[in-house]
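Novice: Here is my input; please provide its structure:
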Amino acid sequence: QVQLVESGGGTVQAGGSLRVSCAASGRTFDIWNVAYFRRAPGKEREFVAGMRWSGGNTNYAYSVKGRFTISRENAKNTVYLQMNSLKPEDTAVYYCAATGWRPSASMTSGEPYDYWGQGTQVTVSS
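Specialist: This is a model prediction of the structure:
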């Protein structure tokens, strides 16, 4: 089993920055992909950014490319989502997610993800 605990998020004005953290524990050596998804009120969950747990192979949704950065701090088993130039449409609950050992799994679909964090609210005011 893998446990994911998120922190960060909050409220910021448009154009500002926030960072969300996701600390993983347990069988982290079994993780293949890690990603952030978000769900805005009245909308479906959508992929935001992802990467291989081993590093590299980053992938971003078109709507956040150039503004968001996903990264991992190996020593802390923590994955960060740095969000810059935030827009009101970025307002959502952000979830960290991880797959088990699935080398052929899609990174952008939520279906292969076995483990999910509790979610953290990000609100961007105009």
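Novice: Every contact and neighbour count from this point should use C-alpha atoms.
Specialist: Fine.
Novice: And the residue nearest to residue 28 when sequence neighbours are not counted, how far from residue 11?
Specialist: Across the structure, with CA to CA, 6 or more residues apart in numbering as the measure, the residue nearest residue 28 apart from its sequence neighbours is residue 2 (6.2 Å). Residue 2 sits 29 Å away from residue 11 when distances are taken as CA to CA, to the nearest Å.
Novice: Could you check which of these two is surrounded by more residues?
Specialist: Set residue 2 next to residue 11 and count neighbours by other CA atoms under 10 Å: residue 2 wins out with 18 against 14.
Novice: these two touch, right, the more buried one and residue 115?
Specialist: Yes. Taking contacts as CA atoms under 8 Å, residue 2 lies within contact range of residue 115: 6.5 Å.
Novice: Skip the chain neighbours and tell me the closest residue to the residue nearest the centre of the chain.
Specialist: With the centre of the chain defined as its mean C-alpha position, the nearest residue by CA atoms, centre = their mean is residue 36, 1.9 Å away. Here the nearest residue to residue 36 in space, its sequence neighbours aside, is residue 96; by CA to CA, 6+ apart that works out to 4.5 Å.
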